[in-house]
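Trainee: Model the following, please.
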Amino acid sequence: MGQITVTTQLSLDGVVQSPGAPEEDPSGGFDRGGWVAPHVDDDMLRIIAEDFGRAGAFLLGRRTYEIFAAHWPLVTDRQDPIATALNTLPKHVVSGTLGTPGWAGTEVVRGDLVTEVTRLRDTTDGELQVHGSITLVRALLEADLVDEYRLWTFPVVVGAGRRLFAEGLPSRTVRLVDTASTDAGAIRARYQPVGPARFGSLALGG
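Mentor: Model prediction:
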């Protein structure tokens, strides 16, 4: 049985919207996209490549899938570990409206999300990796289906935009597995859920 890992890029103020380019996700009038680009360096690319090397398959939301499908099939360098993984491993895209996908190795996931994702996790040899796909990730969080979070935090305050951990999600306690940092100031932290959040008091005598 595999495990579901979620990789997400966040600003210091928790924004996840349109990190890679201004046109990625301008929904809601968001005009501050591309905030990750100034902080990409060799350290970051090396860590990302190592993570992609653990993938057995990919689970993506439709918007992220379409962004990936417009770029990665054009990268034919066999020495590129990200392109090789994405172009050769199974890809599962969650969508109720997507027709026949043109990217080889893609399956459209329809029906009950929990049932279908549980099936995919149980039949994947290695990690079932989720990248971006914020709407999908929130649904997985609500269903408690995430086995590991890989959160990239970048040294920028965006000041507006969609956030990953929105109000209404179940409370959780997580365990820090490890961290890695880059010369450009980004931090990648790996967390694994351990159960419901615990609460207490720091008041004197509490």
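Trainee: Only C-alpha atoms from now on, for both contacts and neighbour counts.
Mentor: Fine.
Trainee: Can you name the residues that contact Asp41?
Mentor: Neighbour list for Asp41: 182-184 [criterion: C-alpha atoms under 8 Å, 6 or more residues apart in numbering].
Trainee: just the buried members of these?
Mentor: Buried residues within these, counting neighbours by 16 or more other C-alpha atoms under 10 Å: Thr182.
Trainee: Rebuild the contacts of Asp41 as a markdown table, extending it with distance to Gly161 and secondary structure.
Mentor: Below are the contacts of Asp41 laid out as a markdown table (distance: C-alpha to C-alpha, whole Å; DSSP: H, G, I helix; E, B strand; the rest coil):
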| residue | distance to Gly161 | secondary structure |
| --- | --- | --- |
| Thr182 | 25 | coil |
| Asp183 | 26 | coil |
| Ala184 | 23 | coil |
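Trainee: just the contacts of Asp41 now: which is nearest Arg138?
Mentor: Within these, distances to Arg138 taken as C-alpha to C-alpha reach their minimum at Thr182, with 27.2 Å.
Trainee: And the pLDDT for that closest one?
Mentor: As predicted, Thr182 sits at a pLDDT of 97.
Trainee: got it, and Leu98?
Mentor: Taking Leu98 on its own, its pLDDT is 86.
Trainee: Point out where the protein drops to low pLDDT.
Mentor: 205-206 (pLDDT under 70).
Trainee: residue ranges for the strands of it, please.
Mentor: Under the criterion DSSP state E, strands of the chain are mapped to 3-11, 55-61, 91-94, 106-109, 127-131, 148-154, 173-181, 187-195.
Trainee: Could you save the ones you listed as JSON lines and add columns showing mean neighbour count and distance to Met44?
Mentor: What follows is these, written out as JSON lines (neighbours: other C-alpha atoms under 10 Å; distance: least, C-alpha to C-alpha, whole Å):
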{"stretch": "strand 3-11", "mean neighbour count": "23", "distance to Met44": "12"}
{"stretch": "strand 55-61", "mean neighbour count": "24", "distance to Met44": "17"}
{"stretch": "strand 91-94", "mean neighbour count": "24", "distance to Met44": "23"}
{"stretch": "strand 106-109", "mean neighbour count": "18", "distance to Met44": "27"}
{"stretch": "strand 127-131", "mean neighbour count": "24", "distance to Met44": "15"}
{"stretch": "strand 148-154", "mean neighbour count": "21", "distance to Met44": "9"}
{"stretch": "strand 173-181", "mean neighbour count": "13", "distance to Met44": "8"}
{"stretch": "strand 187-195", "mean neighbour count": "17", "distance to Met44": "9"}
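Trainee: Quick check: bridge partners of the closest residue to Thr179 other than its chain neighbours?
Mentor: Nearest in space to Thr179, with sequence neighbours left out and distances taken as C-alpha to C-alpha, 6 or more residues apart in numbering, is Ala189 at 4.4 Å. Taking DSSP bridges as the rule, Ala189 bridges to Leu151, Thr179.
Trainee: follow-up on the earlier one: which member of the contacts of Asp41 is positioned nearest Arg162?
Mentor: Of the contacts of Asp41, the one sitting nearest to Arg162 (C-alpha to C-alpha) turns out to be Ala184, at 23.7 Å.
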